[in-house]
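Asks: requesting a structural model of the entry that follows:
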Amino acid sequence: MIAERPLVFLPLLQQGTLWRGNKKEKAIYLTFDDGPTPRITTEVLDILDRYGIKATFFCIGKNVEKHPDIYQEILQRGHQVGNHTHTHLKGMKCFTSTYLKDIEKASTVINSTLFRPPYGQIRLNQIRSLGKQYKVVLWDLVTRDYNPKLSPEYILRKIKTMTRNGSIIIFHDSVKAQKNLFAVLPSAIEFWQKEGYEFKLL
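Replies: Residues are numbered from 1 along each chain as shown. As a prediction, the model looks like this:
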C-alpha cells in the first residue's frame with residue numbers, strides 16, 4: 001500500500017463496498033486488522049477502555065482458533081468483530097471458490113456480517129458473492145503502522161491531516177505493527193477527541 005487514502009476511482013470501481021461513512025457526520029470508525037494477537041490485542045483493548053472508545057476488530061480465523069480467549073475478550077469489552085478470512089488470503093491471487101471457502105471457514109469461529117479483504121485485494125465477482133451475506137468494508141485512511149520504514153511522527157502527522165468526516169481508519173493489532181501502533185494510537189485518539197470526532201461502530 002503506497003497511499004494512505006484510496007485512489008478516487010477505486011470506490012467507484014468496487015461497487016458494493018464501504019469505504020467511508022457519512023460525510024456530513026463528524027464521526028470516525030476506528031478498526032484493527034489481523035488479530036487477535038497475544039499481548040498486543042489486549043493492550044489495544046486497555047487503551048480503548050482508557051479513553052472510553054469502541055472499535056471494530058477484523059480478525060483472522062486461524063488467529064481466533066489459536067487465541068479464542070482474546071477473541072471473547074474483544075466481544076466482552078463491547079467491541080465489534082469482522083471476518084478477515086481464515087488465512088489472510090489475497091483475493092486477486094486465488095480462485096474465487098478458494099477465497100469463499102476460506103472466508104466460510106473463518107465464519108465458523110467469527111460471528112459477524114462484516115468482511116474486510118486482506119490487503120484490500122478483492123475481485124468484483126467476489127464482492128458480488130459476498131454481498132449476499134456480508135457488508136464488505138474497506139477504508140478511507142490506512143495508517144501503515146506495519147511499515148518499519150515509517151516513523152510514529154510521520155504516521156501521526158498523516159492521521160492529523162487526512163482524517164475527515166466518516167473516515168474508516170485502519171490500525172493493525174499485529175506483531176509487525178506493534179512499535180508504531182503503541183507509539184501512535186493514544187496520541188491519535190487524543191487528537192480526534194480534541195477535534196470533536198465521535199467514535200462509531202460500523
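
Asks: for the chain, just list every one of the strands.
Replies: Along the chain, the segments classed as strands by DSSP state E run 17-18, 27-33, 56-59, 80-83, 114-115, 135-137, 141-142, 168-172, 198-199.

Asks: quick one: buried residues of stretch 25-37?
Replies: Within stretch 25-37, the residues scored as buried using 16 or more other Cβ atoms under 10 Å are 27-37. (Each C-beta comes from the backbone N, C-alpha and C, glycine too.)

Asks: centre of the chain versus it, how much separation?
Replies: Once both centres are worked out by Cα atoms, centre = their mean, to the nearest Å, stretch 25-37 turns out to sit 5 Å from its chain's centre.

Asks: before we move on, what about stretch 60-74?
Replies: In terms of Cα atoms, centre = their mean, the centre of stretch 60-74 is found 16 Å from the chain centre.

Asks: for that stretch, which outside residues touch it?
Replies: 34-38, 41-42, 45, 57, 59, 81, 83-88, 102, 105-110 (Cβ atoms under 8 Å, 6 or more residues apart in numbering).

Asks: separate out the buried members of those.
Replies: The neighbour-count criterion (16+ other Cβ under 10 Å) marks 34-37, 41-42, 45, 57, 59, 81, 83-86, 88, 102, 105-107, 109-110 among those as buried.

Asks: what about the closest residue to Glu25 other than its chain neighbours, distance to Lys194?
Replies: Nearest residue to Glu25 in three dimensions, chain neighbours excluded: Asn165, at 5.9 Å (Cβ to Cβ, 6 or more residues apart in numbering). From Asn165 across to Lys194, the span is 16 Å (Cβ to Cβ, to the nearest Å).

Asks: ok, these two, which is more surrounded?
Replies: The residue with more neighbours, out of Asn165 and Lys194, is Asn165; 15 against 8, by other Cβ atoms under 10 Å.
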